[in-house]
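Novice: Pasting a predicted model and its sequence here:
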Amino acid sequence: MVLKSNQLKIFGLIIGIILLIVLMFGSLILGYTDTSWKLAYEAFTSFDGSNEHIIIQNVRLPRSLIGAVVGACLAVAGALMQALTKNPLASPDVFGISAGAGFFLVIGVSIFYVDSLQAFTWIAFAGAAFTAFVVYFIGSFGREGLTPMKLTLAGAAMAGLFASLTQGLLVVNESALDQVLFWLAGSVQGRKLESLHTILPYVIPALIISMIMAQKINVLTMGEAVAKGLGQRTGFVKILAALIIIVLGGGAVAVAGPISFIGIVIPHFARFLVGHDHRWIIPYSAVLGGALLVIADILARFIIMPEEVPVGVMTALIGTPVFVYIARRGFGQK
Amino acid sequence: MKKYFRLRLGSDKISFLIDKKALITSLILLVIVLTIFIFSTSIGEVIISPLNVVKTFFGYGNEMENLFVYSFRLPRIIIALLVGICLAVAGAILQGLIRNPLASPDIIGITGGGSVAVVVFLMLFSNKNNALTVSIEWMPVAAFIGTTIIGLLVYLLSWKNGSSSIRLVLIGIGLSMLTQSLTTLFMIKGPIYQAAQANVWITGTVYASTWEHVRVLLPVVIILLLVSLISVRRVNIQELGDELATGVGSAVQKNRLFLLILSTALTGSAVAFAGAIGFVGLMAPHIARRLVGSSFGALLPVSALIGAILVMVADLIGRTLFSPLEVPAGVFTAAIGAPYFIYLLYKSRNN
């Protein structure tokens, strides 16, 4: 824990929020089309229909907002999953939840020709919920119940299965491929603000509830027996947390596709900063997750200019070393 | 009845102990492989009776039969056979090597490394008409380089006062996610037509195999299989665990590296021509172990035959069941493999 006193933690959180806002503004002006702060300001105050103004309003603003929201959702979902499963590698992508939501979406697009954003969201939620249930069920086989290793393996297997089936569907239906290939790579580029509007009514309450129930999560991480002894209805807390994870994970995937590693990396970074109190971990995860995705998205524009790298690839590049570090450190120690 | 019988050659200079059960199992499997081989050759858009297929093999087919058998079906089926063998043997070696029954080339990212390498290869060496500018013989080399890099990376990164199998699997899972991202990246960099092609290939398919492919793959597989057979003892010793293996005089680290390279070479050869066909490297050795036990001399040929059966059947289903659509073989191996994997998790639940 770096930030020891509560004052420092509040100060750190404020700095984090300022950083996130600066990055979101940066996301408005940085990119292939050269713009400035002044232009960005004018685009909103005195819109004149020029190319730059259109790009800022219609292309970069959605990216910036979507990046921040999706990053926050993934990081908080990861933090909750890690707390709930006591598995440092838990996150929506490693446990196959993103792949499951993706598979359901591809079925929707290629077989049922779904194209409404509202329907997309619900399909993604359904896929996320289904996979979460299956992985949790498989992971808790056996006498000693849910172990970190079994959960990870079950998640990896389901992720592999869904990835293969998704590929298979796309192979037999090439017209769907064009539509979903970029989405499958995980990206916030070319997303419309409407797709954000569709998920906000679900993810904002989910984020708020996750912060309210942080104290209950703290109690739960002390162990089921202790939590019960302290009078917690652990079943209720777990189910609520699972619902939040599904809403956050499914919502993020519906908008941006499976973006990996933010859900693993950020909660660890948050714990490094503020220790093991989820009342701090959750808000820090939300802010830092948003910031990381926005930075990754800005970098994605520059790496192979004039083309763009899908931001999911960027986060994978940033996240793999951290993943390896965590895996090396092993389970059991915090 | 004794369990083994001896085979001695040249005044006892060379001798083998042959496990009778394994020999009988292998022979039965070999018959199954041959049956599927003939059956698969006879089914397709035009059905040729199995009898005529056999006739065609011996040069007595009519023109149409010759065309279908030799030009369209045989190269593809042979590639499926070889790829199944490669993946299964690679999986068997890997599982013996890291003593984890859940390890397989695709779960720990080695197959993914091959995929990245081949997508990069296609991107670098294709002209505007999507024709390769260099000989296709280089493709297995590229795949081999890719699988080796990831294999070594997984091994090195999981090294911490020795390598533990749990770390190896976890780090492998992490790296396999990285390779998936990179593959997508390079697919998007290529023109969309190529992306569609690469997409088929990444799922794993033996579609569009040619005699050219067979000509490149066959000798590679034969050499690697011979090397694997010679290395049987090394794997057996490795399975005892590091301390015991060192105790009986095995150069554990050197052997481990050698076996890892052998396994990545086998995976690379398969990936080069059939893409990332998943779960065969996991399933085949398991089924083999249930049939003949875990002594590697018996395990290796039995795994190889089971691997061949799995891929040939997956391909047969993929090209006939949904005809005229072609479903890549990898979809079926995953559809059977993932539940099997879950079953294995379930079975190993108490240890």
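Specialist: Here it is on my side, so go on.
Novice: low-scoring pLDDT stretches of chain B, where are they?
Specialist: For chain B, the stretches with pLDDT under 70 are B:1-17, B:128-132, B:162-165, B:190-198, B:200, B:249-250, B:348-351.
Novice: ugh, wrong one, the stretch 151-300 of chain A
Specialist: For the stretch 151-300 of chain A (pLDDT under 70), the answer is A:174-179, A:181-182.
Novice: can you pull out the helices in it?
Specialist: Using DSSP state H, counting those that start in this stretch, the helices found in the stretch 151-300 of chain A span residues A:174-185, A:193-212, A:214-221, A:224-229, A:234-256, A:262-274, A:278-302.
Novice: List the buried residues in the shortest one.
Specialist: Going by neighbour count (16 or more other CB atoms under 10 Å in any protein chain shown), the buried part of helix A:224-229 is residue A:227. To be clear about C-beta, it is placed using only N, CA and C from the backbone, and glycine gets the same treatment.
Novice: tell me what it is packed against?
Specialist: When contacts are defined as 3 or more CB pairs under 8 Å, 6 or more residues apart in numbering or on different chains; DSSP states H and E, helix A:224-229 packs onto helix A:214-221, helix A:234-256.
Novice: Can you show me the CA trace of the longest one as CSV?
Specialist: What follows is the C-alpha trace of helix A:234-256 in CSV, where atoms were taken according to Å, rounded to 0.1, in the frame of the first residue of the first chain:
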residue,chain,number,x,y,z
THR,A,234,-23.3,-14.3,2.2
GLY,A,235,-25.5,-15.9,-0.4
PHE,A,236,-27.3,-12.6,-1.1
VAL,A,237,-24.0,-10.6,-1.3
LYS,A,238,-22.5,-13.2,-3.6
ILE,A,239,-25.5,-13.2,-5.9
LEU,A,240,-25.6,-9.4,-6.0
ALA,A,241,-21.9,-9.2,-6.8
ALA,A,242,-22.3,-11.8,-9.5
LEU,A,243,-25.2,-9.8,-11.1
ILE,A,244,-23.0,-6.6,-11.0
ILE,A,245,-20.1,-8.5,-12.6
ILE,A,246,-22.4,-9.8,-15.4
VAL,A,247,-23.9,-6.4,-16.0
LEU,A,248,-20.5,-4.6,-16.1
GLY,A,249,-18.7,-7.4,-18.1
GLY,A,250,-21.6,-7.9,-20.5
GLY,A,251,-22.2,-4.1,-21.0
ALA,A,252,-18.5,-3.5,-21.7
VAL,A,253,-18.4,-6.3,-24.3
ALA,A,254,-21.6,-5.1,-25.9
VAL,A,255,-20.1,-1.7,-26.6
ALA,A,256,-16.4,-2.4,-27.2
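Novice: How far off centre is it?
Specialist: Put simply, helix A:234-256 sits 11 Å off its chain's centre (CA atoms, centre = their mean, to the nearest Å).
Novice: Flag every residue of the stretch 251-351 of chain B that's near chain A.
Specialist: Contact residues (CB under 8 Å from any CB of the partner chain) of the stretch 251-351 of chain B with chain A: B:278-279, B:322, B:325-328, B:330-331, B:333-335, B:337-338, B:341-342, B:345-346, B:349-350.
Novice: Try it again at 7 Å.
Specialist: Contact residues, the stretch 251-351 of chain B versus chain A (CB under 7 Å from any CB of the partner chain): B:278, B:325, B:327-328, B:330-331, B:334, B:338, B:341-342, B:345-346, B:349-350.
Novice: what's the most distant pair in those?
Specialist: Across those, the longest distance by CB to CB is 43.0 Å; it joins B:325 and B:350.
Novice: quick one on the thing from earlier: could I have the buried ones of the residues of the stretch 251-351 of chain B next to chain A as PyMOL selection syntax?
Specialist: Buried members of those, defined by 16+ other CB under 10 Å, are picked up in PyMOL with:
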select buried, chain B and resi 278+327+328+330+331+334+338+341+342+345
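Novice: For chain B, which residues are neighbours of chain A?
Specialist: Taking CB under 7 Å from any CB as the contact definition, chain B meets chain A at B:102, B:107, B:157, B:160, B:166-167, B:170-171, B:173-175, B:177-178, B:181-182, B:184-185, B:188, B:192, B:195-196, B:199-200, B:202-203, B:278, B:325, B:327-328, B:330-331, B:334, B:338, B:341-342, B:345-346, B:349-350.
Novice: re the thing from before, out of the helices of the stretch 151-300 of chain A, which is closest to residue A:72?
Specialist: Proximity to residue A:72 (CB to CB) singles out helix A:278-302 among these, at 4.1 Å.
Novice: Toward the C-terminus, what is the element adjacent to that closest one?
Specialist: As assigned by DSSP states H and E, the chain's next helix or strand after helix A:278-302 is helix A:311-329.
Novice: Could you pull up the residues touching the spatially most central residue of chain B?
Specialist: Nearest to the mean C-alpha position of chain B, counting by CA atoms, centre = their mean, stands residue B:87 at 1.3 Å. With contact taken as CB atoms under 7 Å, 6 or more residues apart in numbering or on different chains, residue B:87 is in contact with B:105, B:267, B:270, B:277, B:280-281, B:307.
Novice: coming back round to it: let me know which of the helices and strands packed on helix A:224-229 is tucked in deepest.
Specialist: When the helices and strands packed on helix A:224-229 are scored by mean count of other CB atoms under 10 Å in any protein chain shown, the highest mean neighbour count falls to helix A:234-256 (a mean of 24).
Novice: helices or strands next to it in the packing?
Specialist: helix A:61-85, helix A:97-110, helix A:117-139, helix A:193-212, helix A:214-221, helix A:224-229 (3 or more CB pairs under 7 Å, 6 or more residues apart in numbering or on different chains; DSSP states H and E).
Novice: In TSV, list those helices along with distance to residue A:252.
Specialist: Below are those laid out as TSV (distance: least, CB to CB, whole Å):
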stretch	distance to residue A:252
helix A:61-85	4
helix A:97-110	8
helix A:117-139	9
helix A:193-212	8
helix A:214-221	20
helix A:224-229	28
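Novice: closest to residue B:263 out of those helices?
Specialist: Nearest to residue B:263, of all these, is helix A:97-110, at 26.1 Å by CB to CB.
Novice: show me where the stretch 51-200 of chain B has strands.
Specialist: Here the stretch 51-200 of chain B has no strands by DSSP state E, counting those that start in this stretch.
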